[in-house]
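Peer 1: Give me a model of this one.
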Amino acid sequence: MEVQLAHPADEIKRLQRCINDLASLIALPAMWSGNKSSDIVHTLLDSLLRMLDLDFVYVSLTNLVDAAPSETVRVPQSQEQMFGPRELCAFLNRWLGDDPQKRYLQERSHIGDEEISLVSWPLGVQREIGVIVVGSRRADFPRDTEALLLGIAANQALTGLQQARLLTEQKRVADQLDQSVAQRTAELAAANEVLRKEVAERRRAEEALRASEISFREIVDSIPGLVCTMNPAGEVTTLNKQLLEYFGKAPEELKNWRMTDAVHPDDLPRVVTAFDFSVRTGTPYEVEHRCRRADGVYRWFQVRALQVQEKDCQKNAGWYVLLTDIEDRKRAEEELQRSEALLAEAQRITLTGSFSWRLDTDEITFSEQVYRIFEFDQDSPVTLAQIASRQHPEDIPLLSEKIDLARRGITNHDYEIRLQMPDGRIKYLRTSAYRARDRHGRPEYIGAIQDVTQRRASEEELSRARSELSRVSKFASLGVMTASIAHEINQPLSGIITNAGTCLRMLTLDPPNVEGARETARRTIRDGNRASDVITRLRALFSKKDTIAEQVNLNDATKEVIALSLSELQRDRVILRCELADDLPLVTGDRVQLQEVVLNLLRNASDAMRTVDDRPRQMVITTERDEGDRVRLTVQDAGVGLAPQAMDRLFEAFYTTKNDGMGVGLCVSRSIIERHQGRLWATLNDGPGATFSFSIPRGPVGGTGADSNRDVHTVGDTDAA
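Peer 2: This next block holds a predicted model:
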């Protein structure tokens, strides 16, 4: 069956919601900055529960720096009786298993008496940070947009958690390194003082020095990073075991080995430049670059080096170096950049951009796509005055009203507004925004703007095309009706000629038969009126007039269509049975357009039985009351029926199952019925053939067409014209 093309509004709303959710997810890292892992998890759970309308969200975190491993589950209040947090955690632990290679899981499973769609998303390549599991009772969960949102949320959470861990780790390492340096400096100073003052205690001082070196080694080896000291030439002098293991070097191999030997070739010029600058200026050395591991794999490190100067001459005595592995952070940053690029591309394709507006300072931030929509210079700041200068003069009051409502605390806004560009072009925009607070608690509005100019133009063009298509459909029916109309007119014309001849003969008699001539003249007038009625119905049906809303007796309108089609039905040996309801209410609509629909259904039913020879070609037209104060008309045939695969496309424009069909009749008919707030559909019969029906609202209460239904009869091969 053919399906009417869907209005794009639903798809646009779905995309708008997806884009709004994406904007919210992109904003999460800014909210998480400086927060603990637990705060990040709670915000993530609330966001996913709200965006995806889930039955529960579960997050398990492992290998945390600032807290012990944890499990957190969030269930909507309406589902708390159905899912107990403790039982849910136990079930999900069994479902996830212990194999980190199972990174992504998705299946329908039973939790208690409920069948749930479960989806897991790892936090980290091997779930080293943890895992997110979401559950929904919907069988189609997750859809494409929900999977996209879940993936982006997981990536954002991974970035936030890694940053929280890295900040904690870096602070701890820096503090420990500072303590070690301070302790070592104090010990060396004390040892030097003892050596200068007490030569006799040299042995004890040497033993104390060795003890301090052992302590220093233990401290350095316990640091979760690569630590070493280098001489002024950059050669490694001492190092911890983590550095030995990473570079795969034995202590004796490090005699002539430089750290730069393991730097990635692409990063080496930048590293050398930064190192030379630190040597010349005495400033600390800090740079990010890749270092080759013993197995040849390069990983990203943050390298910090502090220059040690000789106390008396301020001469460079070497370097203390700390290398921190930031490979995971780099990957998270690349993934974040990719997500941002995908979002920007999605905004460009859908002509949708995002914006934020700080209420306390009127600071406005536009995405790249919004700059393109307003045609502003991206290097200049955006102000409310600039935005107002682009508004269509008739829509400036609407913009002022929305700004005033926003300042008064109205939470959500969704409206359309027009822009008038400097060259006179008009743009139609759809704006959606909601009130939120930034990480400092300041109120702001975050939203999206979509350029719907092309959609509005398409809708107007579609409306014009439908109107013209309706007229084309009428004239397509004209050729088929020609034979029937000729038959209808030919009969009264033949009667007029015969009666006129009879009347002349009666008047020429001696004496004239005046009474007989008078009766013959009456019959002549009757046949003339009959021919006039046929022409009147034809002109009304095929004239191009605007839609007229009137009270219509659907039975009378149907009979007129049958009268026009009768000769054609008889020619095709169609047995027509009418079952028109006696108490059928009047309907409000355009009589000619409704007759056009009935005519199209009659023609389609007749065409469907044209090749049928093994059974009667029976057509049944029924009118009746329908539920909800509606009136239904049904046309049932005994034809060849419809293929199941054709049912979904039956009402599409230019789709037809006939060899000589245009494929516009049913499409236009559905448009007419929908303009009458009705519905047109088709069903397969239990036996041969198909049934087409439409249902439209009744007119004002009290009006019926009962008086006109008394002549309902059966029309078949033997009926008179």
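
Peer 1: Residue 117 belongs to a strand, doesn't it?
Peer 2: Yes: Residue 117 forms part of a strand when assessed by DSSP: H, G, I helix; E, B strand; the rest coil.

Peer 1: what pairs with it across the strands?
Peer 2: residue 108, residue 136 (DSSP bridges).

Peer 1: Residue 146 is in contact with that one, correct?
Peer 2: No: using Cβ atoms under 8 Å, residue 117 makes no contact with residue 146, being 10.1 Å away. For every residue, glycine as well, the C-beta is placed using N, CA and C.

Peer 1: higher neighbour count, the two?
Peer 2: residue 146 (22 against 19; other Cβ atoms under 10 Å).

Peer 1: Could you list the low-pLDDT ranges of the stretch 1-150 of the chain?
Peer 2: Along the stretch 1-150 of the chain, segments meeting pLDDT under 70 span 1-7, 63-68, 80-81, 99-103.

Peer 1: can you pull out the strands in it?
Peer 2: 56-61, 70-74, 105-111, 114-123, 130-136 (DSSP state E, counting those that start in this stretch).

Peer 1: how about the strands of the stretch 301-450 of the chain, start to end?
Peer 2: Counting by DSSP E, counting those that start in this stretch, the strands of the stretch 301-450 of the chain are 316-325, 352-358, 364-366, 412-420, 426-437, 443-451.

Peer 1: Now mean pLDDT, distance to residue 20 and mean neighbour count too, for those strands, in TSV please.
Peer 2: Below are these laid out as TSV (pLDDT from 0 to 100; distance: least, Cβ to Cβ, whole Å; neighbours: other Cβ atoms under 10 Å):
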stretch	mean pLDDT	distance to residue 20	mean neighbour count
strand 316-325	80	37	20
strand 352-358	85	9	21
strand 364-366	88	16	18
strand 412-420	86	10	15
strand 426-437	87	6	17
strand 443-451	86	6	21
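
Peer 1: so which of those comes closest to residue 287?
Peer 2: Residue 287 lies closest to strand 316-325 among these, at 10.8 Å (Cβ to Cβ).

Peer 1: Now do that closest one: distance to the chain's middle.
Peer 2: In terms of Cα atoms, centre = their mean, to the nearest Å, the centre of strand 316-325 is found 51 Å from the chain centre.

Peer 1: Against which helices or strands is that strand packed?
Peer 2: helix 144-197, strand 226-230, strand 298-309 (3 or more Cβ pairs under 8 Å, 6 or more residues apart in numbering; DSSP states H and E).

Peer 1: Highest mean neighbour count out of the ones you listed?
Peer 2: strand 226-230 (a mean of 21; mean count of other Cβ atoms under 10 Å).

Peer 1: Report the rounded mean pLDDT for it.
Peer 2: The pLDDT scores in strand 226-230 average 79.

Peer 1: Identify the residues contacting it?
Peer 2: Defining contact as Cβ atoms under 8 Å, 6 or more residues apart in numbering, one finds that strand 226-230 is touched by 177, 220, 236-240, 242-243, 246, 259, 301, 305, 318-325.

Peer 1: circling back: would a markdown table of the strands of the stretch 301-450 of the chain with distance to residue 85 be doable?
Peer 2: Compiled in a markdown table, the strands of the stretch 301-450 of the chain are given as follows (distance: least, Cβ to Cβ, whole Å):
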| stretch | distance to residue 85 |
| --- | --- |
| strand 316-325 | 36 |
| strand 352-358 | 35 |
| strand 364-366 | 39 |
| strand 412-420 | 31 |
| strand 426-437 | 28 |
| strand 443-451 | 31 |
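
Peer 1: Provide a list of residues in contact with the residue of the chain most remote from its centre.
Peer 2: What lies farthest from the middle of the chain is residue 510; by Cα atoms, centre = their mean that is 92.2 Å. Residues counted as contacts of residue 510 (Cβ under 8 Å, 6+ apart): none.

Peer 1: same question, residue 696
Peer 2: Listed by Cβ under 8 Å, 6+ apart, the contact set of residue 696 reads 587, 589, 594, 630, 631, 673, 676, 677, 678.

Peer 1: What is the burial count for residue 121?
Peer 2: 22.

Peer 1: confidence score at the nearest residue to it once chain neighbours are set aside?
Peer 2: Leaving aside its chain neighbours, residue 121 sits nearest to residue 154 (4.1 Å; criterion: Cβ to Cβ, 6 or more residues apart in numbering). Looking at residue 154, its pLDDT is 80.

Peer 1: Please report the distance of residue 154 from residue 551.
Peer 2: Distance, residue 154 to residue 551, using Cβ to Cβ, to the nearest Å: 62 Å.

Peer 1: Please apply the same query to residue 513.
Peer 2: 47 Å.

Peer 1: go on, residue 165?
Peer 2: 76 Å.

Peer 1: Assign a three-state SS to residue 523, would you?
Peer 2: helix.

Peer 1: and it, what pLDDT?
Peer 2: pLDDT at residue 523 comes out at 74.

Peer 1: can you offset everything so residue one is 230?
Peer 2: With the count now opening at 230, the last piece we talked about shows up as residue 752.

Peer 1: ok, it touching residue 726?
Peer 2: No: if you go by Cβ under 8 Å, residue 752 and residue 726 don't touch, sitting 11.7 Å apart.

Peer 1: Can you pick out the residue with more neighbours from the two?
Peer 2: Per other Cβ under 10 Å, whichever of residue 752 and residue 726 has more neighbours is residue 752, with 16 against 12.

Peer 1: which one is that one nearest to, not counting chain neighbours?
Peer 2: Nearest one to residue 752, counting by Cβ to Cβ, 6+ apart, is residue 728 at 4.9 Å.

Peer 1: try residue 593
Peer 2: Nearest non-adjacent residue to residue 593 (Cβ to Cβ, 6+ apart): residue 611, at 4.4 Å.

Peer 1: In contact with residue 272, which residues?
Peer 2: With contacts taken as Cβ under 8 Å, 6+ apart, residue 272 has the following neighbours: 257, 260, 261, 264.

Peer 1: Likewise for residue 617?
Peer 2: 625, 628.

Peer 1: 10 Å - rerun?
Peer 2: Contacts for residue 617 (Cβ atoms under 10 Å, 6 or more residues apart in numbering) come out as 625, 628, 629, 632.

Peer 1: Just the local confidence number for it, please.
Peer 2: The predicted local confidence for residue 617 is 88.

Peer 1: what's the answer for residue 528, then?
Peer 2: Looking at residue 528, the pLDDT reads 90.

Peer 1: didn't it look like it was pressed against residue 496?
Peer 2: No: in this structure, residue 528 is not within contact of residue 496 by Cβ atoms under 10 Å, at 11.9 Å.

Peer 1: residues bridging contact with the two, i.e. touching both?
Peer 2: Counting by Cβ under 10 Å, 6+ apart, the residues touching both residue 528 and residue 496 are 519, 520.

Peer 1: just to revisit the earlier point, so which of the helices and strands packed on strand 545-554 gets nearest residue 849?
Peer 2: Once the helices and strands packed on strand 545-554 are compared by Cβ to Cβ, helix 373-426 is nearest, at 45.7 Å.

Peer 1: now the angle from the closest one to strand 455-459?
Peer 2: Helix 373-426 and strand 455-459 are oriented at 40 degrees to each other (axes from the mean of the first three to the mean of the last three Cα atoms, to 10 degrees).

Peer 1: what's the offset of helix 373-426 from the middle of its chain?
Peer 2: From the chain centre to the centre of helix 373-426 is a distance of 41 Å (Cα atoms, centre = their mean).

Peer 1: Stretch 416-430 too?
Peer 2: Centroid separation between stretch 416-430 and its chain, computed with Cα atoms, centre = their mean, is 75 Å.

Peer 1: do you know how far the residue nearest to residue 752 is from residue 734?
Peer 2: Taken as Cβ to Cβ, the span from residue 728 to residue 734 is 11 Å.

Peer 1: Same check on residue 302?
Peer 2: For residue 302, the distance to residue 734 - Cβ to Cβ - is 104 Å.

Peer 1: What of residue 553?
Peer 2: Taken as Cβ to Cβ, the span from residue 553 to residue 734 is 123 Å.

Peer 1: That's all I had, so thanks and see you.
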